[in-house]
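> Provide a 3D model corresponding to the input given below.
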Amino acid sequence: TSSANFYIFAYQGVGLETEATNGQVTAGITSSRTLNWVHEYGAGNNVTYTPPVTLNIGKPYHVVFTKNSVSKNISCYINGRFVGSGVYTNEPTGGTNCVGRIGSSSNSSSAGTVIIGPVALYDKVLSQAEIWEHAVAAKLN
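Have a look, this model is predicted:
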């Protein structure tokens, strides 16, 4: 469900999926060097959010996506700074037989050599201060 060539994170169906054998939730970098968030709701219906920023080749980034199910908002931060958000209507569905992956989709698609540093997943929406602290610790702010 994503046009990303490099997956930062994928919650991917791997067979016998009730919706489809593809991405239920993905975050990635497209071939045009933009970030991309996609989640599927229902059979083949997607929410896509692309923050208004283009990444430079060879430069390290601290990337954070947050998804707030209460306000139905997806936000993106780069190097501790807020770069944009999008509103959605439908939550992701399906995912009864999925695998979470860091740095790849189920077919390990990748856009050349990409290095992923420390990865953190949270079951809460991080505050701006917490995101900033992570970027400071990564020395990318």
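> low-confidence regions, the chain specifically.
Across the chain, residues meeting the criterion (pLDDT under 70) sit at 1-4, 13-23, 94-97, 104-115.
> show me the residue at the heart of it, geometrically.
Centrality entry for the chain: nearest residue to the mean C-alpha point is residue 27, 2.2 Å, by Cα atoms, centre = their mean.
> need the strands for the chain, in chain order.
Using DSSP state E, the strands found in the chain span residues 4-13, 23-30, 35-41, 45-49, 63-68, 73-78, 81-87, 98-102.
> would you list those strands in a markdown table and tack on distance to residue 141?
(Each C-beta comes from the backbone N, C-alpha and C, glycine too.) Output for the strands of the chain, formatted as a markdown table (distance: least, Cβ to Cβ, whole Å):
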| stretch | distance to residue 141 |
| --- | --- |
| strand 4-13 | 19 |
| strand 23-30 | 20 |
| strand 35-41 | 17 |
| strand 45-49 | 23 |
| strand 63-68 | 12 |
| strand 73-78 | 10 |
| strand 81-87 | 7 |
| strand 98-102 | 22 |
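> who touches the residue nearest to the centre of the chain in this structure?
If you count contacts by Cβ atoms under 8 Å, 6 or more residues apart in numbering, residue 27 has them with 4, 7-10, 35-37, 63, 65.
> ok, residue 77 to residue 89 distance?
Distance, residue 77 to residue 89, by Cβ to Cβ, to the nearest Å: 23 Å.
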